[in-house]
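**Student:** Could you look at this predicted model? Sequence included:
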Amino acid sequence: MTDPKQQLLDAALSHVPFDGWSEATFKAAIEDTGVDATVARAVCPRGAVDLAVAYHHQGDAQMLAALKEEDLTEMRFRDRIARAVQLRLQVVTDKEAVRRGTTLFALPQYAPDGAKLIWGTSDQIWEALGDTSDDINWYTKRATLSGVYSSTVLFWLGDTSEDHSATWEFLDRRVDNVMQIEKIKAQVKKSPTLNMLMTGPNWLMSQIKAPTRFPKADFPGSWTSPKD
């Protein structure tokens, strides 16, 4: 049986470039698909906003599928991260749909949705690359990658270079910036003097744990125990 939300999403994409992720687009998708209006509202209570969220999730799933086909064994870890972000953008077939989504999730009432989507993409990249951190690093890794990803998307939206070569150069610079931060953190850990000064803050940060992965219900974290 065809998923009605997927039907609506597929139909909506031809209207988004003209009407954005709007009520007009949602109604047009209902008319184009013949999905019962009551069913449409049941699967998308917020109309096109929920379709925009579904579109982003669809892109994440396509990225993960593409990432599984990649041979990353010979890549440096920073290159694996850059490649994952690149794949996330390359699976997009309609840049205008992303542009309209960026505009939508910049609105105050939908900004939390946008932040959650970006965090979710970053989390899925780290999970796919085998991240096993369970302390404050779980948060810092996703926070920094969220910044890299969101800034790269904005650059990509305005990039007119051939094959988006300028975007990939921008992405490499952003990842290099993050790697520099990691090097500084490593140097601090090796310094006895700085470690002594950071005893209190380090103890406090050691008490911060990643959300349980059984299940991961929300972002930035779910604190549901495996027994619940």
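**Tutor:** Received, thanks.
**Student:** hey, let's count contacts and neighbours off CA atoms from now on
**Tutor:** Noted.
**Student:** confidence score at T132?
**Tutor:** T132 is assigned a predicted lDDT (pLDDT) of 86.
**Student:** That one and W138, how far apart?
**Tutor:** Applying C-alpha to C-alpha, to the nearest Å, the value for T132 to W138 is 8 Å.
**Student:** between those two, which one's more packed in?
**Tutor:** A side-by-side neighbour count of T132 and W138, using other C-alpha atoms under 10 Å, places W138 first with 20 against 11.
**Student:** pLDDT score assigned to the more buried one?
**Tutor:** The model's pLDDT for W138 equals 88.
**Student:** What of the one 10 residues further on?
**Tutor:** With respect to pLDDT, V148 has a value of 95.
**Student:** list the contacts for it?
**Tutor:** L171, R174, V175 (C-alpha atoms under 8 Å, 6 or more residues apart in numbering).
**Student:** Would you mind giving the residues you listed as JSON lines with neighbour count, pLDDT and distance to S165 added?
**Tutor:** Shown next, in JSON lines, are these (neighbours: other C-alpha atoms under 10 Å; pLDDT from 0 to 100; distance: C-alpha to C-alpha, whole Å):
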{"residue": "L171", "neighbour count": "24", "pLDDT": "97", "distance to S165": "10"}
{"residue": "R174", "neighbour count": "20", "pLDDT": "93", "distance to S165": "14"}
{"residue": "V175", "neighbour count": "18", "pLDDT": "92", "distance to S165": "16"}
